[in-house]
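Asks: Below: sequence and its predicted model.
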Amino acid sequence: NAGVMQNPRHLVRRRGQEARLRCSPMKGHSHVYWYRQLPEEGLKFMVYLQKENIIDESGMPKERFSAEFPKEGPSILRIQQVVRGDSAAYFCASSPVQRGTYEQYFGPGTRLTVT
Amino acid sequence: GDSVTQMEGPVTLSEEAFLTINCTYTATGYPSLFWYVQYPGEGLQLLLKATKADDKGSNKGFEATYRKETTSFHLEKGSVQVSDSAVYFCALRGNAGGTSYGKLTFGQGTILTVHP
């Protein structure tokens, strides 16, 4: 059973460009979470999605950031008009659908560098 | 809101030394508690968990006990190895029905370096 997959692993963007980060959850998992890890800090929750629904986006910046998890395909975290402060590692996690089993499994992360 | 506080690091130990990394939390109700480990350049791996008071999570020689009276979940290992060198994160997940249910709240992480 393949783990959570994220791509690209490393992404370099110039200020003002768009960044698209992809996350494929583990097979059978329909819950996806995105976290951001700034340099030398812990992970901060951004958004929690189920298929075609945003459940909790309380950690998402109000502007430039959006996330989706379509019926088919990976979850996408999109950052428009990136700035240097967006440089961070972005981690995706997934969990199974069974009630009471909400262990989150993490992907290897995408390291975004804004130049 | 929920919060997790870890002891400040980094922590440097010799091989076979005893390890303790302190973790305390603030949350309403009965959260679930976790320790994750992150090796260089990799994502987080679940190390152990506890879902109710007095539960003890254990894995690979690491242990942590859910202490509701002191709101703590300290990580311990009796004899560390060089291969244990990594960053360790304490985390909580709010109880079902609360607004924080689902997401994990992390501490700031503790860097552990073990020397031969």
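Replies: Done, it's in. Residues are numbered from 1 along each chain as shown, chains lettered A, B, ... in the order given.
Asks: C-alpha from now on. contacts and neighbour counts both.
Replies: Noted.
Asks: Identify the residue nearest B:G102 in space, chain neighbours excluded?
Replies: B:R93 (6.4 Å; CA to CA, 6 or more residues apart in numbering or on different chains).
Asks: show me where chain B has strands.
Replies: Using DSSP state E, the strands found in chain B span residues B:3-6, B:11-14, B:19-21, B:23-26, B:32-38, B:44-50, B:56-59, B:62-65, B:75-77, B:86-93, B:104-106, B:110-115.
Asks: quick one, which of those is nearest to A:G109?
Replies: Among the strands of chain B, strand B:44-50 comes nearest to A:G109, with 9.0 Å by CA to CA.
Asks: re the thing from before, so the residue nearest to B:G102 touches B:K103, yeah?
Replies: Yes. Between B:R93 and B:K103 there is a contact under CA atoms under 8 Å: 6.1 Å.
Asks: Contacts only, for the residue nearest to the spatial centre of chain A.
Replies: Nearest to the mean C-alpha position of chain A, counting by CA atoms, centre = their mean, stands A:W34 at 3.5 Å. For A:W34, the contacting residues are A:45-48, A:77, A:90-93, by CA atoms under 8 Å, 6 or more residues apart in numbering or on different chains.
Asks: can you check A:F106 too?
Replies: Applying CA under 8 Å, 6+ apart to A:F106 gives the contacts A:4, A:91-94, B:43-45.
Asks: Could you count how many residues lie near the residue nearest to it when sequence neighbours are not counted?
Replies: Using CA to CA, 6+ apart and skipping residues adjacent in sequence, the residue nearest A:F106 is A:A93, 4.2 Å away. Applying other CA atoms under 10 Å in any protein chain shown, we find 28 residues neighbouring A:A93.
Asks: give me the beta-bridge partners of A:A93?
Replies: A:Y33, A:F106 (DSSP bridges).
Asks: my guess is it contacts A:R36, does it?
Replies: No. When contacts are counted by CA under 8 Å, A:A93 is not listed as touching A:R36 (11.3 Å).
Asks: With pLDDT added, can I get the contacts of A:F106 in a markdown table?
Replies: Shown next, in a markdown table, are the contacts of A:F106 (pLDDT from 0 to 100):
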| residue | pLDDT |
| --- | --- |
| A:V4 | 94 |
| A:F91 | 96 |
| A:C92 | 96 |
| A:A93 | 94 |
| A:S94 | 93 |
| B:G43 | 85 |
| B:L44 | 90 |
| B:Q45 | 93 |
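Asks: For these, please prepare TSV with the additional fields distance to B:P10.
Replies: Output for those, formatted as TSV (distance: CA to CA, whole Å):
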residue	distance to B:P10
A:V4	29
A:F91	23
A:C92	26
A:A93	26
A:S94	29
B:G43	19
B:L44	18
B:Q45	19
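Asks: Around chain B, pick out the residues from chain A.
Replies: Neighbours of chain B within chain A, by CA under 8 Å from any CA of the partner chain: A:33, A:41-45, A:48, A:91, A:102, A:105-109.
Asks: Dump these to JSON lines, plus distance to B:W35 and secondary structure.
Replies: Shown next, in JSON lines, are these (distance: CA to CA, whole Å; DSSP: H, G, I helix; E, B strand; the rest coil):
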{"residue": "A:Y33", "distance to B:W35": "18", "secondary structure": "strand"}
{"residue": "A:E41", "distance to B:W35": "16", "secondary structure": "coil"}
{"residue": "A:G42", "distance to B:W35": "13", "secondary structure": "coil"}
{"residue": "A:L43", "distance to B:W35": "13", "secondary structure": "strand"}
{"residue": "A:K44", "distance to B:W35": "15", "secondary structure": "strand"}
{"residue": "A:F45", "distance to B:W35": "16", "secondary structure": "strand"}
{"residue": "A:Y48", "distance to B:W35": "20", "secondary structure": "strand"}
{"residue": "A:F91", "distance to B:W35": "17", "secondary structure": "strand"}
{"residue": "A:Y102", "distance to B:W35": "15", "secondary structure": "coil"}
{"residue": "A:Y105", "distance to B:W35": "13", "secondary structure": "strand"}
{"residue": "A:F106", "distance to B:W35": "13", "secondary structure": "strand"}
{"residue": "A:G107", "distance to B:W35": "16", "secondary structure": "coil"}
{"residue": "A:P108", "distance to B:W35": "17", "secondary structure": "coil"}
{"residue": "A:G109", "distance to B:W35": "18", "secondary structure": "coil"}
